[in-house]
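S.K.: requesting a structural model of the entry that follows:
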Amino acid sequence: MKQRWWIGYGAVALSVPGLALTVTPVAGQSALAGYSLRVTSAGDGPVQPDEGLTLREAVELANGTLTPEQLSEAEQAFVQPLPTGQGSRIGFDLPVGQTTIALVDLLPEIVAPELLIDGTTQAGYDASAGLDPKFPPAPVVSLTVAEGSEVARGLTIAADGVTVRGLSLYGFRTSDRATQTTPPADIFISALAPPVDSSPLSPALELFRLEDAEAAPRGVVVEQNWLGLPPTGEFPAVPSAFGVSVFNAVETTIRNNRIQNHDGSAIITGFRADGLQVSENAIIGNGLAGMPDAIRLEGAIASSAITDNLICANDGSGIYLFKTEGATQISGNAIQYNGRRFERAAVYLMGNDHQLSDNFIGYQPGP
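M.R.: Below is the predicted model:
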């Protein structure tokens, strides 16, 4: 008989009891060669030797599943080796007017430790153009979904020390299939995510390796991105489901991002998010059609902190903690005009030892 497991904010997948599964460990990935990689093509699709290096090819090179020798001579010019022990760096040199990368399928899961994906390297990025310290400058490089395609996640991170900076990500979701898909998000952080659709042949719990704390990615940084909206600031034709999903990771830092227009929460945690630091973000207008809370924490959140954020005009609570383990500090936030669709508390807490200090909380229809 098939069984369904519920973790965090939804059904993860179907599984068959007793089915053996072998998962390749990520541990040995630290020996990967490091490259300085320059993305010069906004195209997407199967890897092939041509004139431009795509983001998909750059990620595969960083992951070690593609070698420079498999590229064309023109592409090899965009790949420079780094000294042993350095993580790879992905920069952008896209043609003017061709800075939107429309994905036709999931990008490879990132398993390269210390990888930096840096959208601020693209010509035209203005680091001084931020309106406010909590509003990072508009990115130039966008990551979205090709018309007619369904892509559940923009970036899926399963390695330590990965940094994602200066990108716009939007349009990542799954069509309505009840709760039979694994979590969609602009950025999904977990130890080895399972396939998107549940299946008796893909036991998701084993793939997540939830009980192995050492397998959880450590020290991932998400900074200076626009999540849920294009660089124009317009509402996207297809909104993303969630912003950042910290499903199974520790010491994740989410700082100085603009996170807006999601059907669900801007930031959500699942099984493990100990040490999560959420600071100096503008979190506006999320929870439009699903999970209404701007920041929703579940699972293990010991030593976490939510500080100095603008949390405004979201459809549920500004911060909602549900059956958490461990305590968080909530300080210095402006939490205002939330509860537009559900009259929930501005800050809803379950658990022990949480600390709230020096927050502005106002214009809330609920408590």
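
S.K.: ends of stretch 95-106, how far apart?
M.R.: This stretch, stretch 95-106, spans 23 Å end to end (C-alpha to C-alpha, to the nearest Å).

S.K.: now do that stretch: distance to the chain's middle.
M.R.: The chain centroid and the centroid of stretch 95-106 are separated by 18 Å under C-alpha atoms, centre = their mean, to the nearest Å.

S.K.: burial count for residue 39?
M.R.: When neighbours are defined as other C-beta atoms under 10 Å, residue 39 has 25 of them. For every residue, glycine as well, the C-beta is placed using N, CA and C.

S.K.: any idea how far it lies from residue 137?
M.R.: 20 Å (C-beta to C-beta, to the nearest Å).

S.K.: helices of this structure, start to end?
M.R.: Along the chain, counting by DSSP state H, helices occupy 55-63, 73-76, 204-208.

S.K.: quickly, which of those helices bottoms out on average pLDDT?
M.R.: Mean pLDDT values for those show the minimum at helix 204-208, a mean of 60.

S.K.: contacts only, for residue 266.
M.R.: By C-beta atoms under 8 Å, 6 or more residues apart in numbering, the contact set of residue 266 is 227-228, 242-244, 259-260, 281, 283, 286, 294-295, 314.

S.K.: swap in 7 Å and give it another go.
M.R.: By C-beta atoms under 7 Å, 6 or more residues apart in numbering, the contact list for residue 266 reads 243, 259, 283, 286, 294-295.

S.K.: sort out for me which of these are in strands.
M.R.: Residues of the contacts of residue 266 located in strands (DSSP state E): 259, 283, 295.

S.K.: in a markdown table: the contacts of residue 266, plus pLDDT and distance to residue 106.
M.R.: Converted to a markdown table, those look like this (pLDDT from 0 to 100; distance: C-beta to C-beta, whole Å):
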| residue | pLDDT | distance to residue 106 |
| --- | --- | --- |
| 243 | 98 | 17 |
| 259 | 98 | 21 |
| 283 | 98 | 26 |
| 286 | 98 | 23 |
| 294 | 98 | 26 |
| 295 | 98 | 26 |
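
S.K.: tell me the buried residues within these.
M.R.: Among the contacts of residue 266, those buried by neighbour count (16 or more other C-beta atoms under 10 Å) are 243, 259, 283, 286, 294-295.

S.K.: and residue 62, how many neighbours?
M.R.: Counted with other C-beta under 10 Å, residue 62 comes out at 30.

S.K.: ok, it touching residue 113?
M.R.: No - counting by C-beta atoms under 7 Å, residue 62 stays clear of residue 113, with 9.7 Å between them.

S.K.: sorry, back to before: and which of the contacts of residue 266 is nearest residue 196?
M.R.: Closest approach between the contacts of residue 266 and residue 196, by C-beta to C-beta: residue 243, at 17.7 Å.

S.K.: quick one, what contacts the closest one?
M.R.: Taking C-beta under 7 Å, 6+ apart, one finds 185-186, 227-228, 259, 262, 266-267 in contact with residue 243.

S.K.: how close does the spatially most central residue of the chain sit to residue 266?
M.R.: By C-alpha atoms, centre = their mean, the chain has its centre lying nearest to residue 187, at 1.5 Å. Per C-beta to C-beta, residue 187 is found 11 Å from residue 266.

S.K.: buried residues in stretch 44-64, which are they?
M.R.: 44, 52-63.

S.K.: now swap in stretch 83-91 and tell me
M.R.: Within stretch 83-91, the residues scored as buried using 16+ other C-beta under 10 Å are 87-91.

S.K.: what mean pLDDT does that stretch have?
M.R.: 93.

S.K.: quick one: low-confidence residue ranges for the stretch 201-350 of the chain.
M.R.: The stretch 201-350 of the chain contains residues with pLDDT under 70 at 201-209.

S.K.: got the contact list for residue 161?
M.R.: 87, 113-114, 219.

S.K.: which one of those has the most neighbours?
M.R.: Using other C-beta under 10 Å as the neighbour criterion, residue 113 leads the contacts of residue 161 with 22 neighbours.

S.K.: hmm, residue 157 and that residue touching each other?
M.R.: No - counting by C-beta under 7 Å, residue 113 stays clear of residue 157, with 10.5 Å between them.

S.K.: ok, back up a step: identify, from the contacts of residue 243, the entry nearest to residue 338.
M.R.: Closest to residue 338 out of the contacts of residue 243 is residue 266 (11.4 Å), distances taken as C-beta to C-beta.

S.K.: separation between that closest one and residue 211?
M.R.: Residue 266 is 28 Å from residue 211, where distance means C-beta to C-beta.

S.K.: perfect, I'm done here.
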